[in-house]
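Novice: need a structure here:
(2 chains)
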Amino acid sequence: MSAITMRELTKVYPGGVRALDALDLEIADGEFFALLGPSGCGKTTLLRTIAGLEVASAGSVRIGGRDVTNLPPGKRDVAMVFQDYALFPHMTVRDNIAYPLRIKKVDRRSRGSKAADTADELGLSGLLERRPGQLSGGQQQRVALARAMACHPQVFLLDEPLSNLDARLRLEARTFLKRLQRELGVTTVFVTHDQAEALALADRIAVMEGGRIRQVGTPTEVFRRPANTFVAGFIGSTPMNLIDARVHGDELAVAGARLPLPDGAPGQVSDGERLVYGIRPEYLDYSPTAVPGALTGEVVVVENLGSVSLVSLDVPGDHAGASDEAGAGDDSGAGRTSVQVVVPEGGEPEPGDTGWAVPRPGRSLLYRDGNLVTAAAGVPAPRADATVRS
Amino acid sequence: MTTDTATVEPTRPTVAVRHVLARIGRYTFLCAVLAFFALPLLWLATAPFDDTPTVTASLPRFTLDNFRALLDNPYALGSLLNSVYLAAGTAALVVTFAALAAYALSRVRVPGRDALLYGLLLLSSIVTGTATMVPLFELAFRLNLIDSRLGVILILSGGLLPAAIFILKDFMDSTPTSYEESARVFGASPLQIMRHIVVPLVRPGLATVGVWAVANVWGNFLVPFLLLRGPDKAPAAVIMYTLYTEGGQADLRLLSTFSLLYSLPVALMFVFVSSRYGFRFHGGIKR
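Specialist: Below you'll find the predicted structure:
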């Protein structure tokens, strides 16, 4: 039992920077949890506060039912893997892995054999007498993981676990890390600025901005139904299309087209209201011929992404970015904006063609003042999904 | 291309001549400088083995009598041992306290830290200098530290500490804090972190400061000369001052021999320390 519970957690640095702002968060036992956000959003501070390396200014942290808010890091029963791994350069791999046991006063022989066992599990058995400087990046990371595992902590904390590896190794390490966490079943919290990493690894994700949590949910939830335009713009390898829209009865005027109101919207919106229409490029189907209920415009850019292409259509209307929220489009219809569509291979248009983009049913979203209007329509409850997966 | 070579052709010999002359001049200058510094060393190497040494370096008429004569001096060898006591004691104190202070200054945000460091560094040159000898003597007298090795060690340490802290803080600053944070998360206490992580990482720095402290104490004349009364506790630097003939003439036979014995330990220490702790860093932080 090692759930982590944070209540009203606040961290103000000397100088007045508010890195964490009355933050509430619950991380379930055995969960693989991601803290995701742009740099400076407070995600690393949150991780370090859980570890005890930063002292909370207010609020509480509980690990496994025990209040650890004022405990030093060594008494919290957590293990942390640093971004730079922080392997002690003057010690061999064996001594590095055995170091937590040395602090716990385990005798030399049994900590040596424990280190060897742990190294074996992670495929490091031939490297025990090497020094960290003689290892590759991937090996160093596994030594750091082994050192964290050796003391059987209640919680693993990983700071940007994959950022120091090159692109190819990163994919390998990602799969390895996910399998390892599943096998160990230890509550694991990791920090990342890479949304793809968070989506791929985590059971649940907390998206952070400015010391606050903007959304907590499973990767599917944050990808399909971002709770606000910030999350919508941050999650996904191609950002969500966010376009100004106006309600007309039971239809929506978007970029010169009339679209049906998204699921769950009728009753939530009033006639004539200005909103922001959001749809992911992946959830638009491209058609070279006219179709009803589609956004239409001239193809301006075609970007080849391998198996698919990203096509930009020039449409009338104003782009509602995550920053300027909904209020920007007073002269809706006067400006031009672009809608991005993911087109599977074989169907790519040429720049200059006219194209139609049809939203898939149930995938379009509406935002009012930056927040999702079409709340909870056919989405599984957040917590249930996570516990089933872990 | 051809026009280029044609225009360059007439100037080429003068350029070459100037180049050769410059080179000759440079090497002549270097030889002169080298000779200036090498001759005293040459004297130090030959004079102890000469039965009638003079102030000039010459091929010796080989003898070991000078060493025998030095052994007859009751204080000569003892003074070398005294030097070792003073140097080792001071170096131990300086390295220990400088390491702790530098670590704290490097890791804890103290307001006005840099001003404090520069102030200390500035004042340190005064502490063991001639200017403060009178108050220092007075202080040692009140504390009953006259004619005590401990007194000399404390005063020398006080003089060396600020610069040592300054040097070591630089070393501490350059070791990433994630090493220590990592150890802290595993539950290591501050002293364990210091012992297991920080000291091994800054060992080259500690060795540098240790050697520097020993060399400083080894060559210090004024402090032990004033604070130690009897020749039985005096270090080699002070005993050297007593090696005169009854007539008041410098006894070159004893002086040269003693100088050689006096300089050897420090030279050997340099070689040993640099071969053992030369500036290396093993890596282990992925940058």
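Novice: Look up how far residue B:57 lies from residue B:46.
Specialist: 6 Å (Cβ to Cβ, to the nearest Å). From N, CA and C alone the C-beta is placed, and that goes for glycine too.
Novice: hmm, I was thinking of residue A:74
Specialist: Distance from residue A:74 to residue B:57, by Cβ to Cβ: 64 Å.
Novice: just how off-centre is the helix of greatest length in chain B within its chain?
Specialist: Secondary structure of chain B per DSSP state H: the longest helix is helix B:12-46. Put simply, helix B:12-46 sits 28 Å off its chain's centre (Cα atoms, centre = their mean, to the nearest Å).
Novice: try stretch A:147-154
Specialist: Counting by Cα atoms, centre = their mean, stretch A:147-154 comes out at 25 Å from the chain centroid.
Novice: Nearest residue to residue B:260 in space, please, no chain neighbours.
Specialist: residue B:48 (4.8 Å; Cβ to Cβ, 6 or more residues apart in numbering or on different chains).
Novice: Around the one you found, how many other residues sit close by?
Specialist: Per other Cβ atoms under 10 Å in any protein chain shown, the neighbour tally for residue B:48 reads 24.
Novice: Just confirm it is within a strand.
Specialist: No. Assessed with DSSP: H, G, I helix; E, B strand; the rest coil, residue B:48 is helix; it does not lie in a strand.
Novice: ok now do it, which residues does it touch?
Specialist: Each residue near residue B:48 by Cβ atoms under 8 Å, 6 or more residues apart in numbering or on different chains is listed here: B:66, B:67, B:256, B:257, B:259, B:260.
Novice: Look up the pLDDT of residue B:284 for me, please.
Specialist: Predicted confidence (pLDDT) at residue B:284: the value is 45.
Novice: From residue A:163, how far out is residue A:39?
Specialist: For residue A:39, the distance to residue A:163 - Cβ to Cβ - is 11 Å.
Novice: Same check on residue A:245?
Specialist: Distance from residue A:245 to residue A:163, by Cβ to Cβ: 38 Å.
Novice: Between the two, which has more neighbouring residues?
Specialist: When residue A:245 and residue A:163 are compared for neighbours, residue A:245 comes out ahead with 29 against 15, by other Cβ under 10 Å.
Novice: these two touch, right, that one and residue A:257?
Specialist: No. Under the criterion of Cβ atoms under 8 Å, residue A:245 makes no contact with residue A:257, lying 9.8 Å away.
Novice: how does chain B divide into domains?
Specialist: Split into domains by automatic domain parsing, chain B comes to B:2-63, B:68-277.
Novice: Can you say which of those is packed in most?
Specialist: For those, the largest average neighbour count (mean count of other Cβ atoms under 10 Å in any protein chain shown) is found in domain B:68-277, namely a mean of 17.
Novice: can you list the domains in chain A?
Specialist: Per automatic domain parsing, the structural domains of chain A span A:4-224, A:238-372.
Novice: and the gap between the residue in the stretch 51-200 of chain A that chain B sits nearest to and residue A:186?
Specialist: Nearest to chain B, among the residues of the stretch 51-200 of chain A, is residue A:74, at 2.7 Å (Cβ to the nearest Cβ). Distance, residue A:74 to residue A:186, using Cβ to Cβ: 18 Å.
Novice: just residue B:62 next, same as before
Specialist: In terms of Cβ to Cβ, residue B:62 sits 77 Å off from residue A:186.
Novice: which bits of the stretch 101-250 of chain B sit near chain A?
Specialist: B:109, B:176, B:178-179, B:181-189, B:192, B:196-197, B:200-201 (Cβ under 8 Å from any Cβ of the partner chain).
Novice: Tell me who's in contact with residue A:58.
Specialist: For residue A:58, the contacting residues are A:8, A:9, A:10, A:22, taking Cβ under 8 Å, 6+ apart as the criterion.
Novice: rewinding a little: tell me which of the contacts of residue B:48 is nearest to chain A?
Specialist: Using Cβ to the nearest Cβ, the contacts of residue B:48 come closest to chain A at residue B:260, 38.1 Å.
Novice: Spell out the secondary structure type for residue A:11.
Specialist: Per three-state DSSP, residue A:11 ends up strand.
Novice: same deal with residue A:286?
Specialist: Relying on three-state DSSP, one would call residue A:286 strand.
Novice: That one pairs with what?
Specialist: residue A:357 (DSSP bridges).
Novice: Okay, helices next: where are they in the chain?
Specialist: Picked chain A for this. Using DSSP H, helices in chain A cover A:43-51, A:93-103, A:108-121, A:137-150, A:167-184, A:195-201, A:219-224, A:229-234, A:382-389.
Novice: switch to chain B, that's the one I care about
Specialist: Taking DSSP H as the criterion, chain B carries its helices at B:2-8, B:12-46, B:65-72, B:76-107, B:113-127, B:133-142, B:149-173, B:177-185, B:190-193, B:199-201, B:203-219, B:222-227, B:236-239, B:252-277.
Novice: hey, least reliable of the ones you listed by pLDDT?
Specialist: Averaging pLDDT over each of the helices of chain B puts helix B:2-8 lowest, since it has a mean of 48.
Novice: So the residue nearest to residue B:71 when sequence neighbours are not counted versus residue B:251, what's the distance?
Specialist: In this structure, residue B:71 finds its nearest non-sequential neighbour in residue B:77, 7.0 Å apart by Cβ to Cβ, 6+ apart. Taking Cβ to Cβ as the measure, residue B:77 falls 16 Å from residue B:251.
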